[in-house]
Every structure is written in structure tokens, then in C-alpha cells.
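1. structure here, sequence nowhere to be found:
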């Protein structure tokens, strides 16, 4: 993998965790909202902290789509789950939330899983050949 691809995966993890952190902080500022009052839900986005969180999540989505353009979902999704670690650190140290030992152990397991996933190929090379074979067999069936 190239440095650019690593940066895209890092961007996915960073932008997702940071966006979620900003939205969590903004919702603590806003307080409870009711699903029965749609205008209140829409106006919540006008909170600057929440708006910043939405922008970070849009950057996450752009990086996520870029990663999926060159790698399989089965590689991208686990590899980007590093954002769980980053988000937990944000929750603990920026939002001052209590993170239990069980959650830390879960994060350790996620990190180990990410390590296993990154050892495999990012792209399934047989996919293109199997698509060609399926297309050829379909065209052979439709020809007289």
C-alpha cells in the first residue's frame, strides 16, 4: 500500500471519531430533543459544534468512498475501525466520560482484529476475472 492509501485510511478514522466527538459535545450543550418536534431536530444542526461535527463526518464519508474505490469493503471497514480507539480517547479525555475496563478490553480486541485484517490483501484480485467469466457465460447463453 502507498502512503496516500494509508493517509486515506487514517483520515477515515480521524474524521469519523472527531466528527462523532463534536456531535456528542454539541448534543450535551443542546440537551434533550424530542423526535415529535421535527423543527427542533433540524435547528440542532445550527449549533456551531454540531455543524463542525457534520463537516468532519462529511470528510469521513469522502475518505471512506475513496478507500472503497481501491479496496474491498472487508478490508476497509475493519481497517477503519481504528476510529473506535480514537473515539474512546476523545470520550475519555476531551468529553471526560468514564470508560470502563470492559470497554478498554473491547478496544484492545478491536485493535488486534485490525492488525489481523491489515496483514491480508486490500483487494481481491480474482474479482475482475470472475466478473469477466460471468459476463462471458451470460453472453454465450443469449447468443443463438
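-> That came through, no problem. Small disclaimer: the values here were computed from a predicted structure and weren't measured. Numbering: from 1, shown residues only.

2. ends of stretch 111-124, how far apart?
-> 23 Å (CA to CA, to the nearest Å).

3. show me how far it is from its chain's centre.
-> 15 Å (CA atoms, centre = their mean, to the nearest Å).

4. outside of it itself, list whatever touches it.
-> Stretch 111-124 has contacts (CB atoms under 8 Å, 6 or more residues apart in numbering) with 1, 5, 70, 71, 72, 74, 75, 78, 79, 81, 82, 85. Quick note: C-beta positions are derived from backbone N, CA and C, even for glycine.

5. stretch 91-106 spans what distance, first to last residue?
-> Stretch 91-106: ends 15 Å apart by CA to CA.

6. just the ones of the contacts of stretch 111-124 in helices?
-> Judged by DSSP state H, helices contain the following of the contacts of stretch 111-124: 5, 70, 74, 75, 78, 79, 82, 85.

7. look up the closest residue to the first one, ignoring the ones flanking it.
-> Same thing as residue 5. Nearest in space to residue 5, with sequence neighbours left out and distances taken as CB to CB, 6 or more residues apart in numbering, is residue 70 at 6.6 Å.

8. residue 8 versus the one you found, what's the distance?
-> Distance of residue 70 to residue 8, computed by CB to CB, to the nearest Å: 8 Å.

9. who has more neighbours, the two?
-> Counted by other CB atoms under 10 Å, residue 70 and residue 8 do not tie: residue 8 has more neighbours, with 22 against 15.

10. so what pLDDT did that one get?
-> Predicted confidence (pLDDT) for residue 8: 93.

11. SS state for it?
-> helix (DSSP: H, G, I helix; E, B strand; the rest coil).

12. so residue 46, which state does it fall into?
-> coil.

13. pull the number of nearby residues for it.
-> With neighbours defined by other CB under 10 Å, the count for residue 46 comes to 9.
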